[in-house]
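Trainee: Provide a 3D model corresponding to the input given below.
(chains A and B)
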Amino acid sequence: EAGVAQSPRYKIIEKRQSVAFWCNPISGHATLYWYQQILGQGPKLLIQFQNNGVVDDSQLPKDRFSAERLKGVDSTLKIQPAKLEDSAVYLCASSLAGANVLTFGAGSRLTVL
Amino acid sequence: DAKTTQPPSMDCAEGRAANLPCNHSTISGNEYVYWYRQIHSQGPQYIIHGLKNNETNEMASLIITEDRKSSTLILPHATLRDTAVYYCIVRATGDYKLSFGAGTTVTVRA
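Mentor: Numbering: from 1, shown residues only, chains lettered A, B, ... in the order given. All right, here's what the predicted structure looks like:
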């Protein structure tokens, strides 16, 4: 089966600019996650969707980050305006509803200058 | 607030078994132990999980102590491709959040 697709793989922007990342989960996976991984640290959950509804966004900096999953399939994560500390890899993962195992994409690496 | 403790790094010789320890002394009765690994420039990859019995699959074996306060992931014949950061995570049934700590950086040397 095809894996979790993410794009772009790399993005460099100036601070205060905006950026968007796209994720296409594995077909049939109802649950979708966005994680942020800062260099040298483990991934940190930003937001979790079940179909097109938000299950957990307690760690999402809502003043600048937003995410949507309008049709319960693809998802986008947006940062506006970006700060230097947003430099990180943004990982998308998906799983079957109620499943124990997450499948991750390769991630989108963001550098904010 | 990490629920697990892992050594920050360890080396292993190619072809030898790699034994990765993890302490989870506050684990609850309904919490499973999961292991993921992350190879450089890739997303984390699921390896194995267990509740209290030892588990084995094509990638690794998981040994959980009888009191469930610690576990060991065993890579039976480490190869250079096993060089990665290995994460030990505890997660309750019905809790969909996967919380990562810093993990153990495993370097397999030829």
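
Trainee: every contact and neighbour count from this point should use C-alpha atoms.
Mentor: Noted.

Trainee: correct me, but B:Pro8 touches B:Cys88?
Mentor: No - contact criterion CA atoms under 8 Å: B:Pro8 and B:Cys88 do not qualify, at 11.9 Å.

Trainee: give me the common contacts of these two.
Mentor: Shared contacts of B:Pro8 and B:Cys88 (CA atoms under 8 Å, 6 or more residues apart in numbering or on different chains): B:Gly103.

Trainee: quick one: contacts for residue 18?
Mentor: Defaulting to chain A. So A:Ser18 contacts A:78-82 (CA under 8 Å, 6+ apart).

Trainee: hmm, no, I was thinking of chain B.
Mentor: Contacts of B:Ala18 by CA under 8 Å, 6+ apart are B:12, B:73-78.

Trainee: quick check: pLDDT value at it.
Mentor: B:Ala18 carries a pLDDT score of 97 in this model.

Trainee: please apply the same query to B:Asp1.
Mentor: 50.

Trainee: just B:Thr83 next, same as before
Mentor: In this model, B:Thr83 is scored at 98, pLDDT.

Trainee: which one is it nearest to, not counting chain neighbours?
Mentor: With sequence-adjacent residues excluded and distances taken as CA to CA, 6 or more residues apart in numbering or on different chains, B:Thr83 is closest to B:Thr107, at 4.8 Å.

Trainee: residues contacting the one helix or strand the one you found maps to, please?
Mentor: Using DSSP states H and E, B:Thr107 sits within strand B:104-109. Residues from elsewhere that reach strand B:104-109 (CA under 8 Å, 6+ apart): B:6-14, B:20, B:78-87.

Trainee: wait, what's in contact with the residue most central in space within chain A?
Mentor: With distances taken as CA atoms, centre = their mean, the residue of chain A nearest its centroid is A:Trp34 (3.1 Å). Neighbour list for A:Trp34: A:45-48, A:77, A:90-93 [criterion: CA under 8 Å, 6+ apart].

Trainee: excluding residues flanking it in the chain, which one is nearest A:Gly28?
Mentor: A:Leu96 (6.9 Å).

Trainee: so how far is stretch B:33-46 from its chain's centroid?
Mentor: The gap between where stretch B:33-46 is centred and where its chain is centred comes out at 9 Å by CA atoms, centre = their mean, to the nearest Å.

Trainee: which residues touch it?
Mentor: Contacts for stretch B:33-46 (CA under 8 Å, 6+ apart): A:91, A:101-107, B:47-51, B:73, B:82-91.

Trainee: list the buried residues of that stretch.
Mentor: Neighbour-count burial for stretch B:33-46, counted by 16 or more other CA atoms under 10 Å in any protein chain shown, picks out B:33-39, B:42-46.

Trainee: residues in chain A within reach of chain B, list them.
Mentor: Within reach of chain B by CA under 8 Å from any CA of the partner chain, chain A has these residues: A:40-45, A:91, A:98, A:100-107.

Trainee: same for the lowest-mean-pLDDT helix or strand in chain A, what does it pack against?
Mentor: Taking mean pLDDT, DSSP states H and E as the measure, the helix or strand of chain A with the lowest value is strand A:53-56, at a mean of 92. Applying 3 or more CA pairs under 8 Å, 6 or more residues apart in numbering or on different chains; DSSP states H and E, one finds that strand A:53-56 makes contact with strand A:44-50.
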